[in-house]
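Asker: Give the three-dimensional model of this entry:
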Amino acid sequence: MSSPDVVDILDRSKELDRLRKEQEEVLIEINKMHKKLQATPELVEKPGDNSLAKLKGLYIQAKDLSENEVAYGF
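Answerer: Now for the predicted structure:
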C-alpha cells in the first residue's frame with residue numbers, strides 16, 4: 001500500500017468516526033424526545049408545541065448522517 005492510500009484511509013476513518021459520534025448524539029436526543037413524549041403525551045396537543053417537528057428534524061438529521069456514513073465507507 002502506498003503512502004497516499006494510507007493517508008486516504010486514515011482521513012476516511014476520521015470522517016467515519018466523526019459521523020458516528022454525531023449519529024450517537026442525535027440518537028441520544030431522539031431517545032430523550034421519545035421518553036419525554038411517552039411520559040407526557042398531552043404535551044404534543046398543546047398549541048405552540050413543536051416536539052413532533054423537532055423529532056422529525058432529528059430523524060432527518062440521523063438519516064442524512066447515515067447516508068453520509070455509507071458514502072464515506074466506499
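Asker: Okay, now the unreliable bits of the protein?
Answerer: Using pLDDT under 70 as the threshold, the predicted model of the chain has low-confidence ranges 1, 73-74.
Asker: Please name the spatially closest residue to residue 33 (chain neighbours excluded).
Answerer: Taking CB to CB, 6 or more residues apart in numbering as the measure, residue 33 lies nearest to residue 55, with 4.9 Å between them; neighbours along the chain are not counted. Heads up, the C-betas are built off the backbone N, CA and C, glycines and all.
Asker: Residue 36 is in contact with that neighbour, correct?
Answerer: No: the pair residue 55 and residue 36 does not pass the contact test of CB atoms under 8 Å, sitting 9.5 Å apart.
Asker: the strands in the protein, which residues?
Answerer: All residues of the chain lie outside strands when identified by DSSP state E.
Asker: Just the helices from it, written as ranges.
Answerer: With DSSP state H as the definition, the chain shows helices at residue ranges 3-39, 51-73.
Asker: can you list these in JSON lines and add distance to residue 45 and mean neighbour count?
Answerer: Formatted as JSON lines, the helices of the chain follow (distance: least, CB to CB, whole Å; neighbours: other CB atoms under 10 Å):
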{"stretch": "helix 3-39", "distance to residue 45": "11", "mean neighbour count": "12"}
{"stretch": "helix 51-73", "distance to residue 45": "10", "mean neighbour count": "13"}
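Asker: wait, isn't residue 44 in contact with residue 50?
Answerer: No: the pair residue 44 and residue 50 does not pass the contact test of CB under 8 Å, sitting 9.7 Å apart.
Asker: hmm, back to that, now do the same contact list for the residue nearest to residue 33.
Answerer: Contacts of residue 55 were listed using CB atoms under 8 Å, 6 or more residues apart in numbering, and they are 30, 33, 34, 37.
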